[in-house]
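J.: below are the sequence and a predicted model; questions follow.
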Amino acid sequence: MTDLELATHAALAAGTLLREHFGQHLVVDEATHHDIKLALDKQSQDLITQILLDARPGDALYGEEGIAGCSTSERQWIVDPIDGTVNFFYGIPHFCVSIALRTAGEICVGVIHDPMVGETWTVEKGGPAMLNGRPVKTSTRENLAESILFVGCGKDEEALRTGIERFHRASLKARKMRMMGSAALGMAYIACGRLDAYIESRISLWDIAAGQLLVETAGGKVDLTPISDDAWSIVASNGRIPIEQII
């Protein structure tokens with residue numbers, strides 16, 4: 001089984017788990033003002049970890065719910081077991097599983113799986129970006145007035161303020177704005193031309209690792225600025241619209 005096939009298998013297995021629990025009673029491990037952590041987040045990551053590391057026991061795994069495997073390995077799986085946990089908790093069917101493989105510091109495999117819609121984006125370095133086995137490309141829109149943008153607002157006060165200010169500026173210029181609740185799905189939507197850009201001032205690596213490779217392979221552009229070891233500022237687009245007008 002190739003790395004891409006393995007990542008896809010793990011994402012589909014986790015997606016089945018999430019779909020089975022969607023709309024059911026959920027155990028909340030932690031609740032803050034702007035976020036929720038579910039017991040299912042950890043259960044999903046544990047399942048992914050077992051599948052990946054049983055097949056690749058020498059690898060490392062870095063996920064939203066913790067790290068596992070061989071910490072010195074140059075092969076590191078980057079996992080978000082539920083990207084869009086708040087959506088999931090409130091019964092909004094817009095969330096996904098995101099898995100990437102980083103080798104020697106470079107993302108080389110990415111999988112984003114939406115278990116409710118039944119869509120799976122896959123990519124490996126050197127190959128095409130795919131949606132359910134068919135190649136996809138970013139949109140060809142060049143005019144901001146014809147574009148749909150996704151602006152994330154983060155969870156802390158500064159990130160929220162920045163996101164709302166950007167949303168306001170962009171809403172005066174773009175055709176439509178969206179706040180969707182899943183960074184990974186937002187980037188997958190850019191890769192297949194549904195959205196034209198995604199901006200957020202603070203986001204974690206596991207949210208965007210698979211999406212970065214997808215967008216870039218599909219013809220788009222991703223600019224990441226490190227904020228801390230675990231957080232980044234991101235501007236992702238189809239590579240054509242003048243995103244600098246709103247940031």
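T.: Alright, I've got the coordinates.

J.: rest of the way, CA atoms for contacts and neighbours
T.: Fine.

J.: where does residue 229 land in three-state SS?
T.: coil (DSSP: H, G, I helix; E, B strand; the rest coil).

J.: relative to residue 124, how far out is it?
T.: 25 Å (CA to CA, to the nearest Å).

J.: the two: which is more packed in?
T.: For residue 229 versus residue 124, neighbours defined as other CA atoms under 10 Å are more numerous around residue 124 (21 against 8).

J.: check contacts around the more buried one.
T.: The neighbours of residue 124, taking CA atoms under 8 Å, 6 or more residues apart in numbering as the test, are 4, 108-110, 213.

J.: which residues does it form a beta bridge with?
T.: Beta bridges link residue 124 to residue 109 when assigned by DSSP bridges.

J.: separation between it and residue 79?
T.: In this view, residue 124 and residue 79 are 16 Å apart by CA to CA.

J.: ok, now residue 120?
T.: 15 Å.

J.: over to residue 230?
T.: When distance is defined by CA to CA, residue 230 is 13 Å away from residue 79.

J.: residue 108 too?
T.: Residue 108 is 14 Å from residue 79, by CA to CA.

J.: touching both of the two, which residues are there?
T.: Common neighbours of residue 108 and residue 79 (CA under 8 Å, 6+ apart) are residue 100.

J.: what residues go with each domain of this protein?
T.: Domain assignment for the chain, taken from automatic domain parsing, gives 3-135, 144-245.

J.: list the buried residues in the longest helix seen in the chain.
T.: Counting by DSSP state H, the longest helix found in the chain is helix 3-21. Going by neighbour count (16 or more other CA atoms under 10 Å), the buried part of helix 3-21 is 3-4, 6-15, 17-18.

J.: repeat for stretch 111-119
T.: Buried residues in stretch 111-119, counted by 16+ other CA under 10 Å: 111-116.

J.: residues touching that stretch, excluding its own?
T.: So stretch 111-119 is in contact with 4, 7-8, 11-12, 15-16, 18-19, 93-100, 120-123, 131-132, 184-185, 188, 210-211, going by CA under 8 Å, 6+ apart.

J.: circling back: more crowded one of residue 120 and residue 79?
T.: residue 79 (31 against 21).

J.: how about the contacts made by the more buried one?
T.: 45, 61-64, 97-100, 206-207.

J.: run the last query once more with 6 Å
T.: Residues near residue 79 by CA atoms under 6 Å, 6 or more residues apart in numbering: 63, 98-99, 206.

J.: now the helix or strand hosting it: average pLDDT?
T.: Residue 79 belongs to strand 75-83 when assigned by DSSP states H and E. Average pLDDT, strand 75-83: 97.

J.: stretch 206-226 now?
T.: Here the average pLDDT along stretch 206-226 is 96.

J.: and the end-to-end length of that stretch?
T.: In stretch 206-226, first residue to last residue: 14 Å (CA to CA).

J.: try stretch 101-116
T.: One end of stretch 101-116 to the other measures 24 Å (CA to CA).

J.: averaged pLDDT, that stretch. What do you get?
T.: Mean pLDDT, computed over stretch 101-116, is 97.

J.: cool, and stretch 143-158?
T.: Mean predicted lDDT for stretch 143-158 stands at 80.

J.: pLDDT value on the closest residue to residue 131 other than its chain neighbours, please?
T.: In space, and not counting its chain neighbours, residue 131 is closest to residue 121: 4.4 Å by CA to CA, 6 or more residues apart in numbering. According to the prediction, residue 121 has pLDDT 98.

J.: count the residues that sit near residue 121.
T.: 27.

J.: my guess is it meets residue 129, correct?
T.: No: with contact defined as CA atoms under 6 Å, residue 121 does not count as touching residue 129 (7.2 Å).
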